[in-house]
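K.L.:
Build me a model from this:
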Amino acid sequence: MFKKKGDKRFDEKLVQNSQQGSLISIWVDRQTGVNYLYTWSAQGCALTPLLDKNGEVVVSQVEEAN
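P.N.:
Model prediction:
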C-alpha cells in the first residue's frame, strides 16, 4: 500500500534546452503511462498532457513492477 521512499512516480523521457534559457521535457507517469509536456522559462512553467496528431493523450506502455 505504501511506496518505498526511493520510488519515483515520473520518468523524464526527453529533455530539450533552448538558446533562450527555457526547458522543454516529456515526463511519463510510471503508473498510468500518460505522457506530459513540461515547459519551464524565467517567466513561469506549464504542465499539460501530451497529445498526438488526432488530439488523443499519448500513453506509453507501463512496465509491471515485480
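
K.L.:
tell me the contacts of the residue most central in space within the chain?
P.N.:
For the chain, W27 is the residue whose C-alpha lies nearest the centre (CA atoms, centre = their mean; 1.3 Å). For W27, the contact set (CB atoms under 8 Å, 6 or more residues apart in numbering) comprises F10, D11, E12, K13, N35, Y36, Y38, L47. Bear in mind the C-beta positions are built from the backbone N, C-alpha and C, glycine included.

K.L.:
So the third one versus V28, what's the distance?
P.N.:
Relative to V28, E12 is positioned 8 Å away (criterion: CB to CB, to the nearest Å).

K.L.:
more neighbours, those two?
P.N.:
A direct count of neighbours by other CB atoms under 10 Å for E12 and V28 places V28 higher, at 21 against 11.

K.L.:
Beyond the helix or strand in which that one is found, next helix or strand please.
P.N.:
For V28, the enclosing helix or strand under DSSP states H and E is strand 23-29. Stepping forward along the backbone from strand 23-29, the first helix or strand reached (DSSP H and E) is strand 35-41.

K.L.:
now what about that following strand, what contacts it?
P.N.:
Among residues not part of strand 35-41, those counted as contacts by CB under 8 Å, 6+ apart are 10, 13, 20-29, 45-50, 57-60.

K.L.:
For the buried ones among the contacts of W27, write the corresponding ChimeraX selection.
P.N.:
The ChimeraX command for the buried members of those (criterion: 16 or more other CB atoms under 10 Å) is given here:
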select :35,36,38
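
K.L.:
Please identify which two of the contacts of W27 are farthest apart in space.
P.N.:
For those, the farthest-apart pair by CB to CB is D11 and L47; their separation is 14.7 Å.

K.L.:
Kind regards, and thank you for your time.
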